[in-house]
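Undergrad: Need coordinates for the following:
(one chain, ligands or ions: 2)
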Amino acid sequence: MDLTPLVRLVWPIATALTVATCATSPPPSTAAAAAGSGAALYARHCAVCHGADGSGDTVVSQLLRPRPNAFRLGLFKLVSTDNGMPSDDDLVATLRRGMPGSTMMSWGWLPDADLRALAAEVRRLAVHGRADSIRRTALATNRPITETEAIAAAEQELAPGDPIDVGTPVPPNADNLAEGERLYRQHCSGCHGTDGRGLPASADWPTDGTWLWPRDFTAGYLRGDATYRDLASRVRAGMPGAHMPPTRLSVAETEALVGYLQSLIAEDASAHHTQWRRTVRVQQTGSLPADDDAAAWARLDTVRLPLAPLWWRPEACSELWLTAAHDGTDIALRLQWADASRDDTAVPTSTISDGVAIQFAPTLDPPLFAMGSAEQPVNVWRWHAYDPKVLAGMADLLGRTHEGLDVPLGGTRPRPRGESLAFRGVASAARETGSGLPLAVATEWRDGRWTATFRRSLHARSSNEVDLAAATPVLFAFAVWDAHLDRHAGSKAITTWHALELERRGTRR
Ligand code: HEC
Ligand code: HEC
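TA: Ligands and ions are numbered 1, 2, ... in the order given. Now for the predicted structure:
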């Protein structure tokens with residue numbers, strides 16, 4: 001599959017804007033450094049996508065491509081052992097990095113002990129899944145076994161094997177590169193293409209999102225790292241949770257092949273899409289820049305925040321640029337993202353328009369994905385270019401007979417305001433829409449890019465809002481909708497939580 005449109009869409013913006021010079025002080029992690037119990041951490045952070053029992057069968061997972069891993073099947077992609085089961089270190093590395101190119105974010109802001117506890121919980125769920133299937137087979141063949149026996153058998157089956165000897169990186173020279181290229185053509189190009197850009201998935205692949213197309217090495221993202229060790233592990237062990245087979249190569253062959261592979265894959269291949277939690281310092285200025293004062297905005301730091309499209313496809317928007325300032329009274333957050341089309345047409349099937357939302361949480365470990373919970377409500381600032389109700393009305397008017405017709409909204413200007421809402425979980429989102437406080441949002445679409453500038457007082461205007469003037473750290477996360485791609489509201493691109501830190505006069509470092 002050709003992913004160049006993504007790169008073309010994204011890089012001009014990446015280079016046109018000031019690259020983040022933003023402070024990188026370590027973001028706050030859960031205050032209690034003591035390890036939480038793996039099960040409790042899992043329930044809080046992971047179950048929404050991976051399922052309470054690790055079946056990967058959740059409401060949310062229906063919206064995601066790639067699908068969240070079903071741990072109960074005991075299949076993982078990123079492994080370094082000779083039996084295809086991840087070691088504890090493999091799992092912890094995955095949690096720390098996340099899996100760029102999917103909605104699996106980095107959890108590296110959690111203390112190490114928590115990551116180890118989570119890795120153990122993932123393994124426990126895999127063992128229980130395997131044990132259930134062992135028991136079912138035993139029952140079907142009339143040799144019933146106890147649960148304890150089944151778990152012991154599953155534990156043995158799923159225990160990580162020995163680390164693969166992957167050799168050491170060898171400095172590239174004409175000979176070993178030629179040998180690497182020969183091995184690549186023999187073992188890899190059938191799926192990844194001779195140019196490394198990946199061939200399209202074939203028609204007989206399952207379409208449920210469990211299998212993905214062969215990776216395009218030039219696209220700038222990998223699920224794992226691009227180090228010699230990681231790539232060599234992928235080559236030797238394959239990716240057991242994916243359609244990527246292991247190979248039987250000698251250590252010398254592995255060294256040559258990986259050397260060649262590294263000539264196709266940039267060392268920082270994953271960095272661009274890695275969803276680390278960053279600290280965004282909001283600078284204090286004498287007065288806030290006007291919406292159209294591009295020069296004043298350009299003098300402020302801009303941070304690039306990677307976006308993960310829920311439904312991954314090459315042309316989906318994969319990054320957001322944030323410029324923030326406050327003047328001691330008000331805050332302005334300016335967001336910019338690439339969007340090739342200003343979707344000011346009503347399409348009978350669409351219920352969503354271009355838009356952006358910022359989710360604020362006054363706590364340090366809110367659920368990532370669920371739009372808050374009863375105990376941990378979130379404050380959402382949301383703007384959509386056009387009123388979904390107007391779009392829906394148009395669609396209604398047109399009826400089914402006009403399906404496929406795009407009807408212009410008659411040069412309607414994008415809405416000049418957004419809404420500030422309190423959400424207590426996914427179900428509350430639909431209920432609350434339309435009931436929020438108005439928010440000033442100045443927007444512009446130009447040259448394939450939306451700019452949306454939100455303004456509000458630092459102080460909360462009601463108990464439904466997060467008070468940004470309060471001293472406690474606030475986390476915020478972002479979502480972008482592209483109506484051109486997404487014809488339903490559940491389909492969008494999101495960031496992980498980032499920490500918002502107000503620069504205060506006199507405390508400027
Ligand atoms: C927003 C949804 C989401 C949340 C929340 C989430 N994950 Fe994932 N996770 C995914 C997706 C999607 C994948 C599959 C990515 C792929 O296969 O390319 C995945 C894959 C994984 C894998 C598979 C690694 C491998 O080698 O194949 C592990 C382990 C994992 N997640 C653990 C966790 C843990 C632990 C948590 C909680 C701390 C968590 N995830 C939270 C979406 C999520
Ligand atoms: C049968 C098809 C197939 C063959 C043959 C194959 N791959 Fe893959 N490869 C895939 C698929 C599919 C993926 C994406 C898996 C996913 O993320 O679900 C992939 C992913 C990868 C990745 C990405 C790892 C990451 O961290 O995201 C690398 C590197 C890779 N392959 C290298 C190779 C090399 C080197 C060879 C030859 C030794 C090879 N592959 C042979 C299908 C194949």
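Undergrad: Next to ligand 1, which bits of the stretch 351-500 of the chain? Give me the list.
TA: Counting by Cβ under 6 Å from any ligand atom, the residues of the stretch 351-500 of the chain close to ligand 1 are 368-369. In this view, the C-beta of every residue, glycine as well, is placed from N, C-alpha and C.
Undergrad: residue ranges for the helices of the stretch 351-500 of the chain, please.
TA: Secondary structure of the stretch 351-500 of the chain by DSSP state H, counting those that start in this stretch: the helices cover 388-398, 426-432.
Undergrad: Those: lowest mean pLDDT?
TA: With a mean of 59, helix 388-398 has the lowest mean pLDDT of the helices of the stretch 351-500 of the chain.
Undergrad: Please identify the residues of the chain in proximity to ligand 2?
TA: Counting by Cβ under 6 Å from any ligand atom, the chain comes close to ligand 2 at 77, 187-188, 190-192, 212, 214-215, 222-224, 231, 234-235, 239, 242-245, 247, 261.
Undergrad: Now do the contacts for the spatially closest residue to residue 478 that is not a sequence neighbour.
TA: Nearest residue to residue 478, sequence neighbours excluded (Cβ to Cβ, 6 or more residues apart in numbering): residue 495, at 4.5 Å. Listed by Cβ atoms under 8 Å, 6 or more residues apart in numbering, the contact partners of residue 495 are 275, 305-308, 320, 477-479.
Undergrad: Now which of the residues of the chain next to ligand 2 would you call buried?
TA: Buried members of the residues of the chain next to ligand 2, counted by 16 or more other Cβ atoms under 10 Å: 77, 187-188, 191-192, 212, 214-215, 222-224, 231, 234-235, 239, 242-244, 247, 261.
Undergrad: Of those residues, which are in range of ligand 1?
TA: By Cβ under 6 Å from any ligand atom, the members of those lying near ligand 1 are 77, 223.
Undergrad: Among the buried ones among the residues of the chain next to ligand 2, which are located in helices?
TA: Cross-referencing these against helices under DSSP state H gives 187, 191-192, 231, 234-235, 261.
Undergrad: With respect to residue 427, which of the residues you listed is nearest?
TA: Of all those, residue 427 sits closest to residue 234, with 40.2 Å by Cβ to Cβ.
Undergrad: Leaving out the residues flanking it, which one is nearest to the closest one?
TA: Excluding its sequence neighbours, the residue lying closest to residue 234 (Cβ to Cβ, 6+ apart) is residue 224, at 6.5 Å.
Undergrad: The one you found and residue 472: what is the separation?
TA: Per Cβ to Cβ, to the nearest Å, residue 224 is found 36 Å from residue 472.
Undergrad: So residue 93: helix, strand or coil?
TA: Three-state call for residue 93 (DSSP: H, G, I helix; E, B strand; the rest coil): helix.
Undergrad: For the protein, give me the ranges with low pLDDT.
TA: The model of the chain has pLDDT under 70 over residues 1-36, 201-203, 205-211, 314-315, 343-351, 388-412, 430, 485-491, 506-509.
Undergrad: ok, the residue in the stretch 251-400 of the chain that ligand 2 sits nearest to - contacts?
TA: In the stretch 251-400 of the chain, no residue comes nearer to ligand 2 than residue 261, which is 5.1 Å away by Cβ to the nearest ligand atom. Applying Cβ under 8 Å, 6+ apart, we find residue 261 in contact with 180, 184, 217, 231, 235.
Undergrad: The third one contacts residue 194, correct?
TA: By that I understand residue 217. No - with contact defined as Cβ atoms under 8 Å, residue 217 does not count as touching residue 194 (11.5 Å).
Undergrad: more crowded one of these two?
TA: More crowded of residue 217 and residue 194, by other Cβ atoms under 10 Å: residue 217, with 23 against 12.
Undergrad: about what we covered before: tell me the one of the ones in helices among the buried ones among the residues of the chain next to ligand 2 nearest ligand 2?
TA: residue 191 (3.0 Å).
Undergrad: Do I have it right that that closest one meets residue 198?
TA: Yes - between residue 191 and residue 198 a contact is recorded at 7.3 Å, counting by Cβ under 8 Å.
Undergrad: Need the residues touching each of these two.
TA: Common neighbours of residue 191 and residue 198 (Cβ under 8 Å, 6+ apart) are residue 214.
Undergrad: count of residues packed around residue 113?
TA: Neighbour count of residue 113, defined by other Cβ under 10 Å: 12.
Undergrad: Residue 471 now?
TA: By other Cβ under 10 Å, neighbour count at residue 471 equals 7.
Undergrad: Please report how far it lies from residue 177.
TA: 57 Å.
Undergrad: Repeat that for residue 290.
TA: Counting by Cβ to Cβ, the separation of residue 290 from residue 177 is 55 Å.
Undergrad: Next up, the contacts around the closest residue to ligand 1 within the stretch 151-300 of the chain.
TA: For the stretch 151-300 of the chain and ligand 1, the shortest gap (Cβ to the nearest ligand atom) falls at residue 241, measuring 4.5 Å. Contacts for residue 241 (Cβ under 8 Å, 6+ apart) come out as 69, 73, 75-77.
Undergrad: right, and out of those, which lies closest to residue 254?
TA: Nearest to residue 254 among the contacts of residue 241 is residue 77, at 18.6 Å by Cβ to Cβ.
Undergrad: That closest one touches residue 242, doesn't it?
TA: Yes - Residue 77 is in contact with residue 242 according to Cβ under 8 Å; the separation is 5.1 Å.
Undergrad: What residues sit buried inside stretch 227-234?
TA: Neighbour-count burial for stretch 227-234 [16+ other Cβ under 10 Å]: 228-234.
Undergrad: And the contacts of that stretch?
TA: The contact list for stretch 227-234, computed with Cβ under 8 Å, 6+ apart, reads 78-80, 164, 166-169, 222, 224, 244, 254-255, 258, 261-262, 265, 267.
Undergrad: go again using 6 Å as the cut-off
TA: Here stretch 227-234 makes contact (Cβ atoms under 6 Å, 6 or more residues apart in numbering) with 80, 166, 169, 224, 254, 258, 261.
Undergrad: neighbours of the nearest residue to residue 372 once chain neighbours are set aside, just the number please.
TA: Leaving aside its sequence neighbours, residue 372 sits nearest to residue 378 (Cβ to Cβ, 6+ apart; 3.6 Å). Using other Cβ under 10 Å, residue 378 has 25 other residues around it.
Undergrad: Verify the stated contact: residue 378 with residue 361.
TA: Yes - the pair residue 378 / residue 361 is scored as a contact, 4.9 Å apart, by Cβ atoms under 6 Å.
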